[in-house]
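**Student:** mind folding the following:
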Amino acid sequence: MISENLKKYATEKFEGRRELLAPVMPVIEEKLKQCSEEEAVLMKFLYGTMPVRDAGEYGFDLFLSYVKHALMLREKVAWCKELPEDVFVNYVLYDRINSEDITDCRPFFYEQIMGRVAGMSLWEAILEINYWCAEHATYEATDSRTASPMTMYRSGKGRCGEESTFAVTAYRSVGIAARQVYTPRWAHCDDNHAWVEVFVDGEWHFLGACEPEEVLDTGWFSGPANRAILIHTRNFSDYVKESNEEYLGKEGALYYFNHTDFYGRTKLVKILVKDENGKPAAGAHIAVEILNMAEFFPAAVMIADADGEVQMTLGLGDIRVRAFDGIRRAEAMMRIEEEDSLELVLREEAVPEADDRWQTLEIRAPKEVPVRNVVATKEQKERNAARMAEAERLRKARFAACFDEKKAAAYPEAEEIFHRAGENFEEVYTFLSKDENPNRKKLLFSLALKDAKDLKASVLEDHLDCEQGDLPEEIFRKDLLCPRIFLEELTPYRSVIRGFFEEETKHSFAEQPERILDYLKKNITFHAEEEYDTIMATPVGVLTMKQGSPLAQKILFVAICRSLNVAARLNPVTLEPEYYRDGEFHSVETEAAVLKEETESAVLTLRAEDGSAWKYYQTWTIGKWNGTVFETLNYEETAFNGKTLALTLEPGCYRLITSMRMPNGDQHAAYRVFELKAGEAKEIYLETVKKELDELLEHIELPEITLEDLDGKAHTLNDLTKDGPILLAFLGTGEEPTEHVLNELIEIAEKWNAKDAAMAAVLRTKADLENTTFQKARAAIHNMSLYLDPSDDAPAIAEKMGIDAEKLPLLILALPGNIGGRAYAGYNVGSVGLMLRLMEEAAKA
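**Tutor:** Have a look, this model is predicted:
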């Protein structure tokens, strides 16, 4: 069942990892002796290709469970038997899909699903399994920590990366080859997205995870994907037979493959990099960057070949190309729709030129030009709608049964936590109810709501063992008691760390935390080429393997401090480690930490006509030069005070970026590079390109439509707009695009209400009122009226505005006199803020 080629590959990869796996190699070798020949080959394949971090976080038996399950599928399941070997090991066997916690879940998913698809064809089974996924999980906006598939099953909600990881697991558990597909950043709106591809009859086909359709190769994201600059998949091995998939290169332990041309119009782009003498800059790094969330995001980084060249297939939008090799660097903008080649000349430049002037950019997004037209029939759409309604009913009923009202009533302040926990309700309750220790509630509320889904009471118990002393309450709760440091998996690291070090060492660390940094430098290594930088080792994992990424080492520093009753954190802006002493936090981030503490900071004051219009990661960012790239600082929680915002910064070279997203997805952007000296106080007025109202607003005559309020009373469009412009929103509650719109409404509710902006929310049925996110938006927005569309007028108004009525939500800026000012259909992150701006302008006209 296993080829000689795979045996050879697995053995070579495994043997090449011996030194890195040394801390766990004795256990691995002993357990390999107990495996069958086939099991041993696949275990070596996994250990030889997985991020090294995983070998320290999880035991041998966990990976063996994946191997045994995959071999069972290969032997017994017809569609799995037929898979090419490379497809089988990469897309059925492989345990890791994204950056999720690895758990022994495949047998559980198999038991849940296999009986349901027995007797079906592969095509039928694929569609049916996605309905099963929808019955158990749906979309919810949340943080970037990827919950495991079991956590998704037990909590019922997650973001797209978690939905797709969940669905891929469901498919792999029954022997169907599946993979996660990803666009690192959209070009036309400020977000990214992940979905699923499945292998059928020798080809890959796509679907929306937990968003079933009656046919493959369709979904609400088909239009956005058609406008993508880059769409890729990633493998953890390069055991790939001949393929027409474009190889983008290796980054860490991952191999990237380009699939953009399957989804939209593309062009093969060639980038040539030379040195100052005109010779090819072989080995130079070449980053393709997309302006998204007001920062240049590296969507792909490739290595120049012997001729100083890279080639890749990209969508027809604008990118920035950045080449670098040590302190030699070059960069340029590229308009792919008009160009297919670019030449850059590297020049030595330790620090970018800081001319302290605004430079403007006009960034074009690819246009939507569908390359495939898969459309469900009317009957298929009706069947899908009925099954989706049933899936929602089943999902809600299951999680309603998890909530114990009597137990939750004892802790009314934790009601939302209990609801979010889903099947993890009892873990939360067990921790809270064990005794009267007041720190139990403090610890629980120090965590993110998401942690309720997968926290373990036994882990939290480990973290109760600390003393507040004379620490301020907030510092104690957030920076000493709290188990979470960043986005790592929660572990009982305090007891492990206390048992790991000698008493004398612990006393030394607590007395002078800088000594922890010395220990890390001497004892912990990092091999970037063998890791996946999105996941980070836990403190226990780093100590076990004596390896960890720079971020994982910073997390370990904080963990050691907290374990020794020293309050510590990662700086929320720079993510550098700090410990608390004498009423303030002290930095230990570099060898120059002592020098930095003695260096006077600079103060940058940003000024703007309307500070409320400037939202971090949407209209502006600031980045600090780190020797290679401008690293974006995290000021997401910082807001302007009226017209000003003062930032305290270290001396150095900085870059401000501003961006205004246009209705068609293009951006009017500007950037400014400048130096800050120690003790300097500098002011900068934020700028962006201003556009006239007529360039943003359309004036399209709309058909007269009639909606019904929830009492059955009829209202015409003229009735709705008699007092001024209104946002007419046909919603698809529970679906990811509508969830984005509702979350945006919640985020800008204060500004929306201050402008007294009006919204007419059109629901499909009264049952939509039960949607949690809609309820939050309804509570947040003051001037929101509710309607139904019994006459199905949405298609008529959508047609007039030139948008697709099938792609909910439909957002129409309706002006007095039955005039349409602007419209969006489907997924357009940032559209609510733009609509509010247009409503303000229209009201002035």
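
**Student:** contacts for the longest helix along the chain?
**Tutor:** Counting residues, the longest helix in the chain under DSSP state H turns out to be helix 378-400. Applying CB atoms under 8 Å, 6 or more residues apart in numbering, the contact partners of helix 378-400 are 131, 134-138, 156, 212-215, 376, 422-423, 734, 770. All C-beta atoms are positioned from the backbone trio N, CA, C, and that covers glycine.

**Student:** show me which of those residues are buried.
**Tutor:** By neighbour count, with 16 or more other CB atoms under 10 Å, the contacts of helix 378-400 hold 131, 134-138, 156, 212-214, 422-423, 734 as buried.

**Student:** mind listing which of those residues are in strands?
**Tutor:** Counting by DSSP state E, the buried ones among the contacts of helix 378-400 place Thr138 in strands.

**Student:** which one among the buried ones among the contacts of helix 378-400 gets closest to Ile231?
**Tutor:** Glu213 (18.9 Å; CB to CB).

**Student:** so which of the buried ones among the contacts of helix 378-400 comes closest to Val345?
**Tutor:** Glu213 (49.1 Å).

**Student:** model confidence for that closest one, exactly?
**Tutor:** At Glu213, the predicted lDDT confidence score is 96.

**Student:** also the one 5 residues further on?
**Tutor:** At Thr218, the model reports a pLDDT of 93.

**Student:** now do it against Thr138, distance only.
**Tutor:** To Thr138, Thr218 is 19 Å away according to CB to CB, to the nearest Å.

**Student:** please enumerate the strands of the stretch 151-300 of the chain.
**Tutor:** 157-158, 178-183, 193-200, 203-207, 232-235, 246-251, 254-258, 266-274, 285-292, 295-303 (DSSP state E, counting those that start in this stretch).

**Student:** which stretch among those strands comes nearest Ala825?
**Tutor:** Short answer: strand 193-200, nearest of the strands of the stretch 151-300 of the chain by CB to CB, at 16.4 Å.

**Student:** output the closest one as CSV, restricted to C-alpha atoms.
**Tutor:** Coordinates of each C-alpha in strand 193-200 appear next as CSV, following Å, rounded to 0.1, in the frame of the first residue of the first chain:
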residue,chain,number,x,y,z
HIS,A,193,-10.8,34.7,3.5
ALA,A,194,-10.4,30.9,3.6
TRP,A,195,-12.5,28.1,2.1
VAL,A,196,-12.2,24.5,1.0
GLU,A,197,-11.3,22.5,-2.0
VAL,A,198,-12.0,18.8,-2.4
PHE,A,199,-10.4,16.3,-4.8
VAL,A,200,-13.0,14.6,-7.1
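
**Student:** ok, and for stretch 756-770, which residues are buried?
**Tutor:** For stretch 756-770, a neighbour-count test (16+ other CB under 10 Å) marks 757-764, 768 as buried.

**Student:** got a markdown table for those, with secondary structure, pLDDT and distance to Thr313 too?
**Tutor:** Below are those laid out as a markdown table (DSSP: H, G, I helix; E, B strand; the rest coil; pLDDT from 0 to 100; distance: CB to CB, whole Å):
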| residue | secondary structure | pLDDT | distance to Thr313 |
| --- | --- | --- | --- |
| Ala757 | coil | 93 | 42 |
| Ala758 | coil | 95 | 45 |
| Met759 | strand | 96 | 41 |
| Ala760 | strand | 96 | 43 |
| Ala761 | strand | 96 | 41 |
| Val762 | strand | 96 | 40 |
| Leu763 | strand | 96 | 42 |
| Arg764 | coil | 93 | 39 |
| Asp768 | helix | 92 | 41 |
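
**Student:** widest-spaced pair of those?
**Tutor:** Greatest spacing in these, by CB to CB: Ala757 and Arg764 (23.3 Å).

**Student:** let's have the buried ones among the contacts of helix 378-400 in a markdown table, adding distance to Gly499.
**Tutor:** Shown next, in a markdown table, are the buried ones among the contacts of helix 378-400 (distance: CB to CB, whole Å):
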| residue | distance to Gly499 |
| --- | --- |
| Tyr131 | 48 |
| Ala134 | 45 |
| Glu135 | 44 |
| His136 | 39 |
| Ala137 | 38 |
| Thr138 | 42 |
| Gly156 | 37 |
| Pro212 | 49 |
| Glu213 | 53 |
| Glu214 | 56 |
| Gly422 | 33 |
| Glu423 | 32 |
| Gly734 | 47 |
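
**Student:** could you point out which of the buried ones among the contacts of helix 378-400 is nearest to Ala568?
**Tutor:** Among the buried ones among the contacts of helix 378-400, Gly422 lies closest to Ala568 (CB to CB), at 31.8 Å.
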